[in-house]
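>>> below are the sequence and a predicted model for it; my questions follow.
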Amino acid sequence: MTESAPSSSTLGKRIDVLIPAFDEAPNVGAVVKAALAAGLGRVLVVDDGSKDGTSQAAADAGAEVITLPVNRGKGGALHAGASALDGDVVVMLDADLVGLRPEHVKALAEPVAVGRADMTRGSFTGGRWATTTAQHVTPQLNGQRALARTALLSVDGLAESRYGVEVVITFHASSQAWRCENVALGGVSHIMKEEKRGFWRGARVRLRMYRDIATALLHRRRTGVERGGRTWR
């Protein structure tokens, strides 16, 4: 996409941006600014019980902010945010992205807004080797997506899925035969957990993430097979 990419008004849909964030005070502002510069619609950050200045950093960057009193996990934060928004399409962005540009946000939104796809999913290209490789190995874990807000809220188990949320959404999309489209996000990467939290704390967070993902995979893969769904990679 170029700078002349269509805006929310020309796409004919109300498009909002939803950013779940937990202890992301140093990083969330840059993501908010890129989302606002895309000029689509509301930009909402859900502070998922952070213990740092995430809410203030997001507000200072220009976002609307909801602050959850306790940590609900990424799935719970997305559910809370989608419930608070009122647009037709929601673009979901991680709060720790590096290299995000307004055209990336528009590129995620456009296929859904014009009716070409039911969901888009970002694919990192040309960024940091480690994050790009990880995304190519497990593309279903990429959190950069766009879909109808009502479709997001229809995902069974969304609020309880925590770090397994991308798996839950992917399997739901498969079971419902959604038309899905990958969108290249050139130069985008994210900050790894060990870099943000320190090695040992980051490793513990990563282990919790893998546990939530494994739980979602075991349950959703079995459910997907029973429904005759296909796994979207």
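Nice, thanks for sending it over. Residues are numbered from 1 along each chain as shown.
>>> quick one: mean pLDDT over stretch 77-95.
Stretch 77-95 comes out with an average pLDDT of 98.
>>> quick one: buried residues of it?
77-82, 85, 87-95 (16 or more other Cβ atoms under 10 Å). C-beta coordinates here come from the backbone N, C-alpha and C atoms, glycine included.
>>> so which of the residues you listed are in helices?
Counted as lying in helices by DSSP state H, out of the buried residues of stretch 77-95, are 77-82.
>>> turn these into a markdown table, columns for distance to His190.
As requested, these are arranged in a markdown table below (distance: Cβ to Cβ, whole Å):
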| residue | distance to His190 |
| --- | --- |
| Ala77 | 16 |
| Leu78 | 17 |
| His79 | 22 |
| Ala80 | 22 |
| Gly81 | 19 |
| Ala82 | 21 |
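>>> let me know the closest of those residues to Ala109.
In terms of Cβ to Cβ, no member of these lies closer to Ala109 than Ala82, at 14.9 Å.
>>> and Gly76, what does it touch?
Contact analysis of Gly76 by Cβ atoms under 8 Å, 6 or more residues apart in numbering lists 48, 68, 159-162.
>>> equivalent analysis for Glu24, please.
Glu24 touches 50, 52, 54, 57, 95-96, 196, counting by Cβ under 8 Å, 6+ apart.
>>> could you identify the buried members of those?
For the contacts of Glu24, buried by 16+ other Cβ under 10 Å: 50, 54, 57, 95-96, 196.
>>> quick one: the helices in the protein?
Remark: helices assigned in the chain by DSSP H are 8-11, 28-37, 54-61, 73-84, 102-113, 129-137, 149-153, 165-175, 193-197, 199-227.
>>> quick check: which ranges of this structure have low pLDDT?
Applying pLDDT under 70 to the chain flags residues 1-11, 127-140, 192-233.
>>> let's see that with 90 instead.
1-13, 124-143, 161-164, 167, 170-171, 174, 190-233 (pLDDT under 90).
>>> picking up where we left off before, for the buried ones among the contacts of Glu24, which one is nearest Gly41?
Distance to Gly41 across those (Cβ to Cβ) is lowest for Ala95, with 18.2 Å.
>>> looking at it, Gly73 is touching His79, isn't it?
No: judged on Cβ atoms under 8 Å, Gly73 makes no contact with His79 at a distance of 9.7 Å.
>>> just to revisit the earlier point, list just the nearest of the buried residues of stretch 77-95 to Lys13.
Closest approach to Lys13 among the buried residues of stretch 77-95 (Cβ to Cβ): Asp88, at 4.3 Å.
>>> can you pull the contacts of the closest one?
Contacts of Asp88 by Cβ under 8 Å, 6+ apart are 13-15, 113, 148-149.
>>> isn't Leu153 right next to Ser83, touching?
Yes: between Leu153 and Ser83 there is a contact under Cβ under 8 Å: 6.8 Å.
>>> quick one on the thing from earlier: filter the contacts of Gly76 down to just the ones in strands.
48, 68 (DSSP state E).
>>> returning to what we had before: right, and the pair among the buried residues of stretch 77-95 with maximum separation?
Across the buried residues of stretch 77-95, the longest distance by Cβ to Cβ is 23.2 Å; it joins Asp88 and Ala95.
>>> pull the contacting residues for Gly62.
Applying Cβ under 8 Å, 6+ apart, we find Gly62 in contact with 32-33, 36, 43.
>>> got it, and Lys51?
Asp23.
>>> and with 10 Å instead?
By Cβ atoms under 10 Å, 6 or more residues apart in numbering, Lys51 lies in contact with 22-23, 25, 71.
>>> kind regards, and thank you for your time.
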